[in-house]
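Asks: from the sequence below, what's the structure:
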Amino acid sequence: MNKPNNLPFGPLDASALHICIDMQRIFLEPGPWYGEACLSVMEPQKRLIGHAPSRSLFTRFITATTAEQANGSWQRYYRHWHAVTQTEAGPEVLDLHPEILPLAHPGNIFDKLTHDAFDSVEFCTRIANEAPSALILSGIETDVCVLATAMSAVDLGYRTVIATDGVASSMPASHEATIEHIYPRFDQQIELANVDTIIRCWSVP
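Replies: Numbering: from 1, shown residues only. Predicted coordinates:
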């Protein structure tokens with residue numbers, strides 16, 4: 001685990017990128033996927049975005065229009081979660097939360113059909129073109145989309161930092177287990193730090 005005021009592998013430079021994952025109405029407003037605990041990350045995230053607005057990218061998890069239009073086992077998934085399909089829930093619930101949306105712009109928002117941000121070709125291209133020295137991950141959920149994205153970032157060789165107070169889950173016990181037991185298994189590739197520490201260690205123009 002990192003020292004209180006430092007990142008384990010040193011400071012972050014100006015080329016680092018912050019990836020704000022799936023801060024959408026579908027997760028943050030009452031409904032089938034509402035996670036009240038996820039609202040707690042709003043203020044830390046806004047501080048992190050505000051520290052380096054031009055270095056923040058945003059993802060959105062795009063649900064299937066209908067279960068039948070999904071691929072493979074995603075059809076079973078959306079038959080179970082039919083209430084979140086676009087046909088039933090409406091596409092507007094996929095928008096970024098109103099407190100986050102003004103901090104983003106269309107060129108920095110990337111849509112994905114699966115848990116992993118790297119599933120988006122546009123996202124992958126942007127990351128490759130930016131060649132960041134590190135990826136700082138925040139968002140929801142700690143144990144699903146943040147985890148899936150972190151695993152891809154690790155496999156691709158990116159320095160990966162998880163903002164521990166900038167991630168949350170609708171299942172707090174699973175959030176805690178991921179923070180306490182899963183991410184530390186990758187202690188040479190994933191760094192854990194709170195937002196204040198990240199901001200303190202991240203030099204931006």
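Asks: find the nearest non-adjacent residue to Ile62, please.
Replies: Asp111 (4.8 Å; CB to CB, 6 or more residues apart in numbering). For glycine as for every other residue, the C-beta is placed from the backbone atoms N, C-alpha and C.
Asks: partners of the one you found in the sheet?
Replies: With DSSP bridges as the criterion, Asp111 is bridged to Arg60.
Asks: I figured it was touching Leu57, is that so?
Replies: No. Between Asp111 and Leu57 there is no contact under CB atoms under 8 Å: 12.0 Å.
Asks: so those two - more neighbours on which side?
Replies: Set Asp111 next to Leu57 and count neighbours by other CB atoms under 10 Å: Leu57 wins out with 21 against 15.
Asks: how close does the residue nearest to Ile62 get to Leu94?
Replies: Using CB to CB, to the nearest Å, Asp111 is found at 8 Å from Leu94.
Asks: what do those two both touch?
Replies: With contacts defined as CB atoms under 8 Å, 6 or more residues apart in numbering, the residues adjacent to both Asp111 and Leu94 are Arg60, Ile62.
Asks: need the single longest strand in this protein, by residues.
Replies: Longest strand in the chain, counting residues (DSSP state E): strand 160-168.
Asks: run the chain-centre distance for it.
Replies: Centre-to-centre, strand 160-168 and its host chain are 9 Å apart (CA atoms, centre = their mean, to the nearest Å).
Asks: so what touches that strand?
Replies: 7, 12, 16, 35, 37-38, 40-41, 44-45, 48, 134-142, 146, 150, 153-154, 175, 179, 183, 186, 189-195, 198.
Asks: ok, of the residues you listed, which come out buried?
Replies: Listed as buried from those are 7, 12, 16, 35, 38, 41, 44-45, 48, 134-142, 146, 150, 153-154, 175, 179, 183, 189-195, 198; burial here means 16 or more other CB atoms under 10 Å.
Asks: so where's this protein shaky on pLDDT?
Replies: 1-5 (pLDDT under 70).
Asks: just the helices in it please.
Replies: 25-28, 42-51, 73-80, 86-89, 121-130, 145-155, 172-177, 195-201 (DSSP state H).
Asks: okay, which residue is most central for this structure?
Replies: With distances taken as CA atoms, centre = their mean, Ile21 lies nearest the centre of the chain, 2.4 Å away.
Asks: with adjacent residues omitted, what lies nearest to it?
Replies: Ile21 sits nearest to Gly139 (CB to CB, 6+ apart), 2.9 Å away.
Asks: same deal with Ile109?
Replies: Closest residue in space to Ile109, ignoring its immediate chain neighbours: Phe58 at 4.8 Å, by CB to CB, 6+ apart.
Asks: please state the offset of stretch 37-54 from the chain centre?
Replies: On CA atoms, centre = their mean, the centre of stretch 37-54 falls 11 Å from that of its chain.
Asks: so how far is the first residue of it from its last?
Replies: 27 Å (CA to CA, to the nearest Å).
Asks: list the contacts of it.
Replies: With CB under 8 Å, 6+ apart as the criterion, stretch 37-54 contacts 16, 18, 20, 23, 27-28, 56, 97, 99-100, 103, 136, 138-141, 163, 165-170, 172, 175, 194-195, 198-199, 202, 204.
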